[in-house]
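Quick one, fold the following:
(2 chains)
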Amino acid sequence: MVEPRACPDCLRRSWLLAQLGPYIERTATGAVGSRSPELLRLSNEDLVAVAAPKLAAQLLGRTAALSEQHLATELLAAQCWACCRHGDLYPAGLRDAPDAPWALIGRGDPGLLDGLEPFGAVTIVGARRATSYGREIARELGRELAAAGMVVVSGLAFGVDACAHRGAVDAGRTIAVLGCGPDTAYPAAHRSLWRRICEKDLVLSEFPPGAAPWRWTFPARNRIMAALAGMTVVVEAAARSGSLITADLAADLGRDLGAVPGPVTSRASAGPNNLLAGGACVVRDAQDVLDAMLGAGVKRIDRVAPALDQSLAEVLAAVEMGENSCDGVAAALGLSGPDAATALSRLELLGYVTCSTMGLYSRTLMPSPASAGI
Amino acid sequence: MLATARTFTLDGISARPVRVEVDVHRGLPGFAIVGLPDAAVREARERVRAALVNCGFEFPLRRIVVNLAPASLRKAGPGMDLAIASALLSASGQLEWEALSRVALVGELALDGSTRAVNGALAIAEAAREGGAEAIVVPAENGPEAALAAGVDVIPLDSLARLPALVAGEWEPPRPRGLSLQAVAGPGGPDLADLRGQPHLRHALEVAAAGGHSLLMIGPPGAGKSLAASRLPSILPPLATVEALEVARIASACGRLGGSLASGRPFRSPHHTISPAGLIGGGTPPRPGEATLAHRGVLFLDELCEFRRDALEALRAPLEAGEVSIARAGGRRNLPCRFMLIAAANPCPCGRGEADPDCSCAPIAVQRYQGRLSGALADRIDILAAVRQPSAAEIGGGPGEPSADVRERVTAARERQERRLGPGRSNAEMTPGEARECALSAAAGALLAELYSRQRLSGRAHDRALRLAQTIADLVGAETIGEEQMAQALQLRRRDRG
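Numbering: from 1, shown residues only, chains lettered A, B, ... in the order given. Below you'll find the model as predicted:
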């Protein structure tokens, strides 16, 4: 077990970034050359000179004056710990990134970073405004990949991110990378999810406890997400979306890129469909991800697709054909209401279908019983 | 001279006794009414004066003081006209009626002396019986309604001019026959046969009716949600006499009884702009709201997401307790409201649902809209039915099973529940303790335990599934809950998470 340790200089960098928050907010315009990941490659002196030239001396002086004792107390008070690029705990995936953070502040289980190689983690990103299809796929991918022993990395945002975490946190390990201090639940609506990940798994950030989120901190945290994992999977994203930044960053690092195909008419799937057209890996289920990362057939997901009798198989086929309500299934197959309800309930328990809070059914990623075991 | 008469004032849906004391003495001519009268009672002065003169009596040009006791109780409505006029006649020596203080009188007077119907005649007649009155004189129009209260002599009076003949025994009006409660016990309302196809929705309605479970229907506009809800009263078991009387009493107090009892259980469908007071009752004096009007019947909330949040919040406690409690400066009034809650909502703001390619709603708007379903009342809802547009074949198909057949099964299931739980109780009201004592077959128990251990069910949802399964078992007449019934219950339950 490696103890988390960070040298004071690297830690001071984190505190400096927090103080530079509003200044970088003005400097990072998103144009090439002034994106936040690019700015963060700069040394302390250069960064301050670009972002806040008038306050340069003052800010650098204040940061340098932070004592080791003071930094340690602040971390402890927020129940956080830190590791830096010179330590053993620092994840391998970040070491080869040119703009990697100097230090990582964590809250939760540091053991998760111990020996974490890029091929042991998958980043799942996607739209905050995800459709029910995107949310369901993200949850399934999160669950199956975590169950297969992968660490699922995501950003705790609304939509796809949260669903990926929720799927993974039940089945295995997950890391949430935040654009604010790791002791802050952002967005606040995900406080309970954040707390669960803190207690069981790991929340990471390059910012110190108490640091506020800025617009520029999200592309900055995306670069950590992209670098941590061997593969980045985009579940749903509009044509211009923050998730695509993560995808670009991952491609720049030479990581695998995967995308979940969606209807060509859906705006929410425009981003992944474009990525696929550009040569990204097709991700239909967790097995596709494992095959792409580890080589085909190296690791198989053992999914028991239980055999179905004739009547259940017919109901499943009706759901696959697009009947999403109990009434629809009953009418399509000429079943009585109670019989259709019984069949759908059994299929749900077996994991073939899932029911939304609106009472509508959809097919899960469980393979169909005919192809089970092949 | 002093004379007293007995009458009643309506308070909520019950009647409070009021003693009318009239004193006529020398002094400047005048007519004063004291004892917290409201505007309608105060205006009785003009009506009584004109009615007396137009019926050939003399209006005494002396000082008249009318006191309504108890003085601390607010008196409302015009129902005290007849009692004031009678006591005034007696006090001024125009009417010798030694029984005046032993009978009760209610009724509004027209200017020509004829009587007009009052609200709450049934509750008043019952209060008169409880108060030991020999007889109650009511407007002729209210006769059949008041006669529902057995055990008191109801005398219908059509005009104040007939009063001397009545007192002298020269005229004996025929006693009215009470309204028939059979009508209320009948099915009433439109028939379930109108619902074509949609077998799942039918099943959900039947289970809801059989166990008194609340039901939420989600589906696009025009899919038949309102149609289904309005058919629900027709498959509910017939009202017992006591229940029919409760319904009649509430309708009478709200002046909704008219000449006859509405048939079947009440079905109330308030608009979504309704205020909390309109929904559960309020005002001074407290008037019953939609929840009370739906007592022993169905309260249908269409467009659940559009209802005011405070109105839905106000409905929570009454749903649990089966009665509305309204606290006012004058004291607390309890109004009964044991109804079945049926709600309907669209799947998204545009109504088409996310699965429809024409749905134009932003995902975040859909999430916000659906979030409203999970707040407020969601905890109280047992069954969720996704309703879809019926196919052309279904619409064109023959009529569905008629209400009478479904009603038979529902009634049998209710009887089974009453044998187990006690009279008047249904599965929906089972306490968690009772729910866990349901007889489960091994397979059904394993099914429920498996889902629960996979953390797909909360403790509350676990008990809810048990109650639903028990109702489904009662419907098919099974002694223990089988695996199939449990599976159906798990399908019907409202999902608190996806």
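
Where does the prediction get shaky in chain A?
Along chain A, segments meeting pLDDT under 70 span A:1-2, A:30-34, A:370-374.

now stretch B:283-300, how far from the chain's geometric center?
Centroid separation between stretch B:283-300 and its chain, computed with C-alpha atoms, centre = their mean, to the nearest Å, is 5 Å.

Equivalent analysis for stretch B:385-401, please.
32 Å.

Show me what the mean pLDDT comes to for that stretch.
What stretch B:385-401 shows for mean pLDDT is 85.

Just the C-alpha atoms of it, please, in PDB.
Extracted as PDB, the C-alpha positions of stretch B:385-401 are listed here (Å, rounded to 0.1, in the frame of the first residue of the first chain):
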ATOM      1  CA  ALA B 385     -50.000   2.400 -15.900                       C
ATOM      2  CA  ALA B 386     -48.400   3.500 -19.100                       C
ATOM      3  CA  VAL B 387     -51.200   4.300 -21.600                       C
ATOM      4  CA  ARG B 388     -50.500   4.300 -25.300                       C
ATOM      5  CA  GLN B 389     -52.600   5.400 -28.300                       C
ATOM      6  CA  PRO B 390     -54.700   2.300 -29.100                       C
ATOM      7  CA  SER B 391     -54.100   0.800 -32.500                       C
ATOM      8  CA  ALA B 392     -56.700   1.100 -35.300                       C
ATOM      9  CA  ALA B 393     -57.600  -2.500 -34.800                       C
ATOM     10  CA  GLU B 394     -58.300  -2.000 -31.200                       C
ATOM     11  CA  ILE B 395     -60.400   1.100 -31.800                       C
ATOM     12  CA  GLY B 396     -62.300  -0.600 -34.600                       C
ATOM     13  CA  GLY B 397     -62.800  -3.800 -32.500                       C
ATOM     14  CA  GLY B 398     -65.800  -4.700 -30.600                       C
ATOM     15  CA  PRO B 399     -66.800  -3.100 -27.200                       C
ATOM     16  CA  GLY B 400     -64.800  -4.300 -24.200                       C
ATOM     17  CA  GLU B 401     -66.100  -6.300 -21.200                       C
END
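
how about the closest residue to chain B within the stretch 101-250 of chain A, secondary structure?
Closest residue of the stretch 101-250 of chain A to chain B, C-beta to the nearest C-beta: residue A:129 (4.4 Å). Every C-beta, even on glycine, is put in place using the N, C-alpha and C of the backbone. With DSSP: H, G, I helix; E, B strand; the rest coil as the basis, residue A:129 sits in coil.

pretty sure it is touching residue B:366, no?
No: assessed by C-beta atoms under 8 Å, residue A:129 is found out of contact with residue B:366, at 9.4 Å.

Show me the domain layout of the chain.
By default, I'm working from chain A. A:8-294, A:310-371 (automatic domain parsing).

wait, chain B
When chain B is cut into domains by automatic domain parsing, you get B:2-168, B:202-419, B:430-498.

Turn those into TSV, columns for mean neighbour count and distance to chain A.
What follows is the domains of chain B, written out as TSV (neighbours: other C-beta atoms under 10 Å in any protein chain shown; distance: least, C-beta to the nearest C-beta, whole Å):
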stretch	mean neighbour count	distance to chain A
domain B:2-168	20	38
domain B:202-419	19	3
domain B:430-498	19	4
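
Can I get those domains in a markdown table including distance to residue A:203?
As requested, the domains of chain B are exported to a markdown table (distance: least, C-beta to C-beta, whole Å):
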| stretch | distance to residue A:203 |
| --- | --- |
| domain B:2-168 | 57 |
| domain B:202-419 | 24 |
| domain B:430-498 | 22 |
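
Quick one: residues contacting residue A:49.
residue A:56 (C-beta atoms under 8 Å, 6 or more residues apart in numbering or on different chains).

Which of the residues in the host helix or strand of it are classified as buried?
According to DSSP states H and E, residue A:49 maps onto helix A:44-51. By 16 or more other C-beta atoms under 10 Å in any protein chain shown, the buried positions in helix A:44-51 come out as A:44, A:47-48, A:50-51.

Heading C-terminal from it, find the next helix or strand.
Past helix A:44-51, the next helix or strand by DSSP H and E is helix A:56-64.

Now the element after that following helix, going C-ward?
helix A:68-77.

List the neighbouring strands of the helix or strand just after that following helix plus their orientation.
As assigned by DSSP H and E, the chain's next helix or strand after helix A:68-77 is strand A:81-84. Pairing partners of strand A:81-84, with direction, according to DSSP bridges: strand A:103-108 (antiparallel).

What are the contacting residues of the strand it pairs with?
With C-beta under 8 Å, 6+ apart as the criterion, strand A:103-108 contacts A:4, A:6, A:10-11, A:13-14, A:75, A:78-85, A:90-91, A:94, A:113, A:181-183, A:197-209, A:224.

Now, of these, which are buried?
By neighbour count, with 16+ other C-beta under 10 Å, the contacts of strand A:103-108 hold A:4, A:6, A:10-11, A:13-14, A:75, A:78, A:80-85, A:90-91, A:94, A:113, A:181-183, A:197-198, A:201-209, A:224 as buried.

Out of those, name the ones that lie in helices.
Counting by DSSP state H, the part of the buried ones among the contacts of strand A:103-108 found in helices is A:10-11, A:13-14, A:75, A:94, A:197-198, A:224.

For the closest residue to residue A:90 other than its chain neighbours, list each beta-bridge partner.
The shortest distance from residue A:90 to any non-neighbouring residue, by C-beta to C-beta, 6 or more residues apart in numbering or on different chains, is to residue A:83 (5.4 Å). Residue A:83 has these beta-bridge partners by DSSP bridges: residue A:104.

Residue A:83 and residue A:113 touch, don't they?
Yes: at 6.9 Å, residue A:83 counts as touching residue A:113 under the criterion of C-beta under 8 Å.

Find the residues that touch each one of these two.
With C-beta under 8 Å, 6+ apart, residue A:83 and residue A:113 have common neighbours A:89-90, A:104, A:106.
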